[in-house]
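Undergrad: Sequence first, then the predicted structure:
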Amino acid sequence: MTARLTPLGLSLLTVAAWALSFAVLSARAELFVAALPLVLALATLTLRRSAPDYSLIHEVSADRVFEGESLTVTVTVTAKSAVPLMELLEPLPRDCNLASGLNRGVMALRPGQTASFRYEMRCPVRGVHALGTIVVRVRDPWSVRAWERRHVDPKLVRVYPRIAPLRSLPRPLHTQTSIGDYVSPALGEGIEPGDIRQFTPGDRIRQVNWRASLRLGSLYVTQRHRERNADVVLMLDTLAEVGVRPETTLDLGVRAAASLATAYLARKDRVGLIVYGGLMDWVRPGSGRAQYERLADTLLKADVVFTYVAKDLALVPPRVLSPHALVIAVTPLLDQRFTKATLDLAARGFDIIVLVVSPVDVTRGMLAPSETDDLACRLWTLERRARLDWLRRHGLAVLEWNPAEPLEPTLAGLERRRPRLAAAR
Amino acid sequence: MIRLPAAAFAAVLFVVPVLPAAVPVVTVLGLIGLLLAAVGIATLWRWPVTSAACVSLTDYTAALWLTDAPVSVAAAAGFGLSLLLLLQSIELARCMRHATVDAGSARSIIARWCGFGAVMLVATLSAMPLAIPLAALVPHAAAPFVAAAGVLGAVLALTATVLRPRR
């Protein structure tokens, strides 16, 4: 702990010197007497004092929250020796703000006494925020000397993207081998009736279709479609963004990707992620709660890293981008390199859906109403509409999402052909 | 609320010189001091309060010099305490601004101030009877030089104390 003279000490010295000088010049004893309290306060500096001893506990109510949620931080101090006056300050992480209380505390403690202060912090922006650095300043009884120290007890708070509940999701064209919620074109164990065929030894009695058997004069069994899961790979465009945090096109895209991941995982699908930008990152498809954690951890770190380099999707291992996966590209379509990557995937036969986060509406939300800006936004909308039509002509399923509206109706608007029965696997 | 004690001490600094010498010079100087103190209390800046303390001291000196009144130790001690506590209360207000303040903190600090004030007054009033015979020992012609040397020594000692490096 470093002790230092406070500015108040210098003020007291100035006023004391002023008083003593006037006392000599005016030859009045009253001014000596008036200077006495100031001199006595300064004289406490001659006393050798060790830094006050105390212990500090920093607690955070939650280490994982969703965007917009609050958490409570409690700082508790126990004095081992007398603490005349203590100031504590915990700087707020970037993009976080106070919901209630104050992140500064002042207390005076007797030996053995415990005091605490708490505040509530709101985290409107996804990311990993570091808490636990507390700047402590302890003053002596006359505030002429102060000891300063920085307590570091790092605590990471993960702020996950907000999730919107989704019920109608784009159906994948191809299913995988594990059991899931989709009716597969392949025949086997399941609930959905598929075809009937003649009874063969080994068939179970419960599979017999009595109605067909009576009509055709021999035993027939009902075959059913298998219920299988699918691989879904979310591809997030981090090449460019517009808007102001926490409502940039990337933030909105991350929320959409998190919502899609949660909804597909709830259907027992395997979900993977490719973050396509200046830095490429990916998560292998998987299912379950642990997979959600992996996806969310990758999503909350997603950020725009500027680069001139066009990243090649060939870098992505095949086990991440499996041939029968449904690829949902979440993008504002601001960078031609991402458009090229999606066209490349479509040309390679991937089942791909492009979910376009409209940057026009995000930009319009930032600007003050003016005729010029309005005209510019309309022209931009026309230009983007032409580009989206061009993508549709190349066989891509394109959905344009206006972030002011919920994601669900946009996804529900997608019309997809049903899986072909002939394509049994 | 925390600014109220500072305002009270500033008022004492204005009243103590003006009461014995209600002349325009003293009143104007007192008002300037009060104005600077008000600026300091409103903004919680240190420099107006330090300036207000210096102006009030000048005002007090002028009042004593103009009236040539008999020595009043109690008034002088009260003035000195008000100077100290004005600076302390502004520092405390700065410290407590935008902070969660533990309920006992302000109470214990004010109790400390009151205790110091009482001890200071008793000690000064007790020391005065000792100071008068001691002063008689100093030759009349040498008294100003002794006082000046004493003050110089005190200021240098304080400066050395304030500026020496600390652990």
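TA: Thanks, I have the structure now. Just so it is clear, the structure is predicted and the values come from calculations on it, not from any experiment. Numbering: from 1, shown residues only, chains lettered A, B, ... in the order given.

Undergrad: Please make it C-alpha for all contacts and neighbour counts, starting now.
TA: OK.

Undergrad: count of neighbours near the residue of the stretch 301-425 of chain A found nearest chain B?
TA: Proximity of the stretch 301-425 of chain A to chain B (C-alpha to the nearest C-alpha) peaks at residue A:366, 31.4 Å away. For residue A:366, the count of nearby residues is 12 (other C-alpha atoms under 10 Å in any protein chain shown).

Undergrad: if you skip the residues just before and after it, what's nearest to it?
TA: Excluding its sequence neighbours, the residue lying closest to residue A:366 (C-alpha to C-alpha, 6 or more residues apart in numbering or on different chains) is residue A:243, at 6.9 Å.

Undergrad: Quick one: name the residues of the stretch 101-250 of chain A near chain B.
TA: A:101-109, A:115-117, A:142-143 (C-alpha under 8 Å from any C-alpha of the partner chain).

Undergrad: right, and the pair among the residues you listed with maximum separation?
TA: A:101 and A:142 (27.9 Å; C-alpha to C-alpha).

Undergrad: Please identify the buried residues of the longest helix seen in chain B?
TA: If you go by DSSP state H, chain B has its longest helix at helix B:103-137. Neighbour-count burial for helix B:103-137 flags B:105-106, B:108-109, B:113, B:117, B:120-121, B:124 (criterion: 16 or more other C-alpha atoms under 10 Å in any protein chain shown).

Undergrad: can you list contacts of stretch A:29-44?
TA: By C-alpha atoms under 8 Å, 6 or more residues apart in numbering or on different chains, the residues outside stretch A:29-44 that reach it are A:9, A:12-13, A:15-16, A:19-20, A:22-23, A:142, A:144, B:61, B:71-73, B:76-81, B:83-84, B:120, B:124, B:158, B:161-162.

Undergrad: How about the secondary structure of the residue nearest to residue A:366?
TA: The three-state assignment at residue A:243 reads coil, by DSSP: H, G, I helix; E, B strand; the rest coil.

Undergrad: what about it, how many neighbours?
TA: 19.

Undergrad: Which pLDDT value goes with it?
TA: Residue A:243 carries a pLDDT value of 84.

Undergrad: related to what we said a few turns ago, briefly note if the longest helix of chain B comes near chain A.
TA: Yes: under the criterion of C-alpha under 8 Å from any C-alpha, chain A is reached by helix B:103-137 at B:104-105, B:108, B:120, B:124.

Undergrad: how about the residue of chain A found nearest chain B, secondary structure?
TA: Closest residue of chain A to chain B, C-alpha to the nearest C-alpha: residue A:34 (3.8 Å). At residue A:34 the chain is in helix, as set by three-state DSSP.

Undergrad: Which pLDDT value belongs to it?
TA: For residue A:34, the model assigns a pLDDT of 89.

Undergrad: burial of the closest residue to it other than its chain neighbours, as a residue count?
TA: Spatial nearest neighbour of residue A:34, excluding adjacent residues (C-alpha to C-alpha, 6+ apart): residue B:80 at 3.8 Å. Look at residue B:80: counted by other C-alpha under 10 Å, it has 28 neighbours.

Undergrad: Please apply the same query to the one 10 residues further on.
TA: Taking other C-alpha under 10 Å as the neighbour definition, residue B:90 ends up with a count of 26.

Undergrad: which residues does it contact?
TA: Contacts for residue B:90 (C-alpha under 8 Å, 6+ apart) come out as B:3, B:6, B:40-41, B:44, B:46, B:49.

Undergrad: now the strand or helix carrying it: how far from the chain's centre is it?
TA: Residue B:90 belongs to helix B:73-96 when assigned by DSSP states H and E. Here helix B:73-96 shows a centroid-to-chain-centroid distance of 6 Å under the convention C-alpha atoms, centre = their mean, to the nearest Å.

Undergrad: before we move on, the earlier item: chain A: which of the residues of helix B:103-137 next to chain A is nearest?
TA: Taking C-alpha to the nearest C-alpha as the measure, chain A lies nearest residue B:105 of the residues of helix B:103-137 next to chain A, at 4.7 Å.

Undergrad: The closest one and residue A:108 touch, don't they?
TA: Yes: shown here, residue B:105 and residue A:108 form a contact pair, counting by C-alpha atoms under 8 Å, at 4.7 Å.

Undergrad: Overlap in contacts, the two.
TA: residue A:85.

Undergrad: Restrict stretch B:98-114 to CA atoms and write it as PDB.
TA: Extracted in PDB, the C-alpha atoms of stretch B:98-114 (Å, rounded to 0.1, in the frame of the first residue of the first chain):
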ATOM      1  CA  HIS B  98     -21.700   9.800  -5.800                       C
ATOM      2  CA  ALA B  99     -21.000   7.100  -3.200                       C
ATOM      3  CA  THR B 100     -22.900   4.800  -1.000                       C
ATOM      4  CA  VAL B 101     -22.100   6.100   2.500                       C
ATOM      5  CA  ASP B 102     -22.100   3.800   5.500                       C
ATOM      6  CA  ALA B 103     -24.500   5.200   8.100                       C
ATOM      7  CA  GLY B 104     -21.900   5.300  10.800                       C
ATOM      8  CA  SER B 105     -19.200   7.000   8.800                       C
ATOM      9  CA  ALA B 106     -20.500  10.600   8.900                       C
ATOM     10  CA  ARG B 107     -21.500  10.200  12.500                       C
ATOM     11  CA  SER B 108     -18.000   9.000  13.600                       C
ATOM     12  CA  ILE B 109     -16.300  11.800  11.600                       C
ATOM     13  CA  ILE B 110     -18.500  14.500  13.100                       C
ATOM     14  CA  ALA B 111     -17.900  13.100  16.500                       C
ATOM     15  CA  ARG B 112     -14.100  13.200  15.900                       C
ATOM     16  CA  TRP B 113     -14.400  16.900  14.800                       C
ATOM     17  CA  CYS B 114     -16.400  17.800  17.900                       C
END
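
Undergrad: returning to what we had before: same list (the residues of helix B:103-137 next to chain A) but as TSV, adding pLDDT.
TA: Shown next, in TSV, are these (pLDDT from 0 to 100):
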residue	pLDDT
B:104	79
B:105	81
B:108	85
B:120	83
B:124	81
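
Undergrad: of these, closest to residue A:339?
TA: When those are compared for distance to residue A:339 (C-alpha to C-alpha), residue B:105 wins out at 62.9 Å.

Undergrad: what's that closest one in contact with, if anything?
TA: A:85, A:106-109.
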